[in-house]
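J.: have a look at this fold, sequence not included:
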């Protein structure tokens, strides 16, 4: 087990909400702590829940994150906010004052069994307020905190999530969930929404002493447009690209996050779209998609910039992850310098494999390359 981050005073913010493609904080932190210099810009073009951006924050480095998922962007933005528990709690109270009655509450059997009626009304009020205005650091922190508390297991003595019994990492599919709850007579219980917000605000922001610098961008990292929105001083100055692309065959992020997508303004049912997602039609096509990202990334990097990414695969797909790595780097201006074994996701280093809940991980590799384009 890598304990590189042991001894840090406070890293709770990194766990504000789960996300499937979660590599451990120790991976980007160790790379940047050992090699990055003061003031150097860091980029993660597949930022997920913002772990690389948070590692950069811990080390006082400015960073940029890119992701096409609204959930990923919301969670990553929280990793760079500078606020306090008091401000987060006040933001929630202000929204509840601004929205005394929700304009819209989802209906149907799933919603009746998933949330207590009064709890769902409060959640909808908070959702409406944040959709109308989520500009401040406190509101961005609140939004991520609520995404983390939206669904999860029921504690035996204490309620820390808003929902009926659920997994915390992925949202339940409505038909399965209703059947599960009915068979066990698990009815939704009332919870203290503001109390949960207070506790989580204190946990995630009460001990944070570092300051976030940088920007999280929602967009497709294969396309040039998102790179035009970089913060001042970042474009052409990126020295470190630390990331983990999606693994070949692992393409169910949006359906498995449908409840959190709803909270961010999406539909109140499972969304099966793949807009902005890497295509998985074949290993060659997949590698070509990743290659486009590496080429775009190179255009905003300083000469000699370093690319470090963790990559692996799932056993249900007959593809060689290292061959995909080599194909993705071919002709991009990035020169492969090192391949370093990183174990497997099954060993607890990564939670992406929860997507394929009966699948097993292949060996993962940390890939090092240098920008010579």
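T.: Thanks, I have it. What you see is a predicted model, and the numbers here were worked out from it, not measured in a lab.

J.: tell me what whatever helix or strand residue 365 lives in is packed against?
T.: Secondary structure assigned from DSSP states H and E places residue 365 in strand 363-371. Applying 3 or more Cβ pairs under 8 Å, 6 or more residues apart in numbering; DSSP states H and E, we find strand 363-371 packed against strand 301-311, helix 321-329, strand 334-344. C-beta coordinates here come from the backbone N, C-alpha and C atoms, glycine included.

J.: next, format the ones you listed as CSV and append mean neighbour count and distance to residue 101.
T.: Formatted as CSV, these follow (neighbours: other Cβ atoms under 10 Å; distance: least, Cβ to Cβ, whole Å):
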stretch, mean neighbour count, distance to residue 101
strand 301-311, 20, 47
helix 321-329, 18, 51
strand 334-344, 15, 50
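
J.: same list (those) but as TSV, adding distance to residue 154 and mean pLDDT.
T.: Output for those, formatted as TSV (distance: least, Cβ to Cβ, whole Å; pLDDT from 0 to 100):
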stretch	distance to residue 154	mean pLDDT
strand 301-311	34	98
helix 321-329	38	95
strand 334-344	31	93
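
J.: closest one to residue 75 among those?
T.: strand 301-311 (18.6 Å; Cβ to Cβ).

J.: tell me what angle the closest one forms with helix 321-329.
T.: Note on geometry: by axes from the mean of the first three to the mean of the last three Cα atoms, to 10 degrees, strand 301-311 and helix 321-329 are set 160 degrees apart in direction.

J.: who does strand 301-311 touch, helix- and strand-wise?
T.: Looks like strand 301-311 contacts helix 26-35, strand 238-243, helix 283-298, helix 321-329, strand 363-371 (3+ Cβ pairs under 8 Å, 6+ apart).

J.: per-residue pLDDT, residue 10?
T.: Note on residue 10: pLDDT of 81.

J.: tell me the SS of the closest residue to it other than its chain neighbours?
T.: Closest residue in space to residue 10, ignoring its immediate chain neighbours: residue 207 at 3.7 Å, by Cβ to Cβ, 6 or more residues apart in numbering. At residue 207 the chain is in coil, as set by DSSP: H, G, I helix; E, B strand; the rest coil.

J.: residue 207 touches residue 11, doesn't it?
T.: No. Taking Cβ atoms under 8 Å as the definition, residue 207 is not a contact partner of residue 11, at 9.1 Å.

J.: what about these two, which has more around it?
T.: Neighbour tally, residue 207 and residue 11, criterion other Cβ atoms under 10 Å: the higher count belongs to residue 11, 18 against 13.

J.: distance-wise, check residue 236 relative to residue 305.
T.: Separation of residue 236 from residue 305 (Cβ to Cβ, to the nearest Å): 10 Å.

J.: residue 149 too?
T.: The value you get for residue 149 to residue 305, if Cβ to Cβ is used, is 38 Å.

J.: for the stretch 151-300 of the chain, which segments count as strands?
T.: Secondary structure of the stretch 151-300 of the chain (DSSP state E, counting those that start in this stretch): strands at 214-218, 238-243.

J.: and these: which comes nearest residue 51?
T.: Among the strands of the stretch 151-300 of the chain, strand 238-243 sits nearest to residue 51 (Cβ to Cβ), with 9.2 Å.

J.: got the contact list for that closest one?
T.: Where contact means Cβ atoms under 8 Å, 6 or more residues apart in numbering, the residues beyond strand 238-243 that reach it are 27-28, 31-32, 35-37, 40-47, 52, 55, 61, 64, 297, 300-302, 305-310.

J.: need the helices and strands packed on strand 363-371 in TSV with distance to residue 371, can you?
T.: Converted to TSV, the helices and strands packed on strand 363-371 look like this (distance: least, Cβ to Cβ, whole Å):
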stretch	distance to residue 371
strand 301-311	4
helix 321-329	11
strand 334-344	6
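
J.: these: which one's closest to residue 260?
T.: Going by Cβ to Cβ, the one of the helices and strands packed on strand 363-371 nearest residue 260 is strand 301-311, 23.9 Å.

J.: who does that closest one pair up with?
T.: strand 238-243 (parallel), strand 363-371 (antiparallel) (DSSP bridges).

J.: any low-confidence regions in this structure?
T.: 1-9, 21, 251-253, 273-277, 280-281, 315-317, 344-362 (pLDDT under 70).

J.: most packed of the helices and strands packed on strand 301-311?
T.: strand 238-243 (a mean of 26; mean count of other Cβ atoms under 10 Å).

J.: tilt between it and helix 26-35?
T.: 160 degrees.

J.: show me the helices in the stretch 1-150 of the chain, by range?
T.: Taking DSSP state H, counting those that start in this stretch, the helices of the stretch 1-150 of the chain run over residues 26-35, 51-58, 70-78, 85-98, 109-114, 117-132, 137-149.

J.: revised request: answer the last question for the stretch 151-300 of the chain.
T.: With DSSP H, counting those that start in this stretch as the criterion, the stretch 151-300 of the chain has helices spanning 174-183, 193-205, 253-256, 258-263, 283-298.
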